[in-house]
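# What follows is a predicted protein model with its sequence.
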Amino acid sequence: MRELLEVDAQRALDAERRIRQDARQVTNVPTHSPSPSATSAPTVSASPTPTAPPPSPKEAAIPRLKGIVGVGGRLSAVVTADGQDTIYRDGLAVPFAGRDPGLRLVRIASPCADFLDTRNRSLAICVNGVHK
């Protein structure tokens with residue numbers, strides 16, 4: 001049993017690393033503006049290039065399902081977002097305890113919990129790190 005838990009924990013860590021690496025790659029995408037060379041003189045643009053506003057903290061956080069606890073119809077999901085733990089109870093859309101990360105619980109179906117985000121988009125967060 002312990003070996004299975006260790007294997008599952010390692011898979012979860014690997015999945016979390018991949019998710020964070022993918023998120024870092026998305027934020028480090030270079031812009032398509034030409035880089036100035038040593039031989040060219042700098043040019044002044046008539047209009048500044050528009051930049052996208054930074055994402056709000058609620059959108060930037062990648063929520064993680066730390067675990068599902070309970071028995072039968074009395075399940076709870078522990079979610080971490082922005083370093084803060086939040087507990088959701090099956091049957092309640094809003095958090096039971098902790099800071100509200102803006103997610104609304106739809107259902108808990110092990111090993112995942114289904115949520116709606118602030119824009120009513122469906123989000124499945126799983127213990128093994130799989131996000132749909």
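Done, it's in. Numbering: from 1, shown residues only.
# worst-scoring helix or strand of this structure, pLDDT-wise?
helix 57-60 (a mean of 48; mean pLDDT, DSSP states H and E).
# all strands of this structure, in order?
With strands called from DSSP state E, the chain shows them at 64-71, 74-81, 84-89, 97-98, 104-109, 112-116, 122-126.
# Please point out which parts of the third one sit buried.
For strand 84-89, the neighbour count (16 or more other Cβ atoms under 10 Å) marks 86, 88, 89 as buried. Backbone N, C-alpha and C define where each C-beta goes, glycine included.
# repeat for stretch 65-85
For stretch 65-85, burial by neighbour count (16+ other Cβ under 10 Å) applies to 65, 66, 68, 75, 76, 77, 78, 79, 80, 81.
# For these, give me TSV that also has distance to residue 102 and pLDDT.
Shown next, in TSV, are these (distance: Cβ to Cβ, whole Å; pLDDT from 0 to 100):
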residue	distance to residue 102	pLDDT
65	16	92
66	18	93
68	20	93
75	21	93
76	19	94
77	15	94
78	17	94
79	11	92
80	14	91
81	8	86
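# Quick check: the farthest pair among those?
Spatial extent of the buried residues of stretch 65-85 (Cβ to Cβ) is set by the pair 75 and 81 at 19.1 Å.
# do you know which of the strands of the chain lies nearest residue 6?
strand 64-71 (15.5 Å).
# Who does that closest one pair with, and is each partner parallel or antiparallel?
Partners of strand 64-71 in the sheet, by DSSP bridges, are strand 74-81 (antiparallel).
# what angle do the partner strand and strand 104-109 make?
Relative orientation of strand 74-81 and strand 104-109, computed by axes from the mean of the first three to the mean of the last three Cα atoms, to 10 degrees: 120 degrees.
# Dump strand 74-81 to PDB, keeping only the CA atoms.
Presented in PDB, the C-alpha positions along strand 74-81 are these (Å, rounded to 0.1, in the frame of the first residue of the first chain):
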ATOM      1  CA  ARG A  74     -19.800  13.500   2.900                       C
ATOM      2  CA  LEU A  75     -16.800  14.300   0.700                       C
ATOM      3  CA  SER A  76     -14.600  17.300   1.000                       C
ATOM      4  CA  ALA A  77     -12.000  18.600  -1.500                       C
ATOM      5  CA  VAL A  78      -8.900  20.500  -0.400                       C
ATOM      6  CA  VAL A  79      -7.800  23.000  -3.100                       C
ATOM      7  CA  THR A  80      -4.700  25.100  -3.000                       C
ATOM      8  CA  ALA A  81      -4.600  28.400  -5.000                       C
END
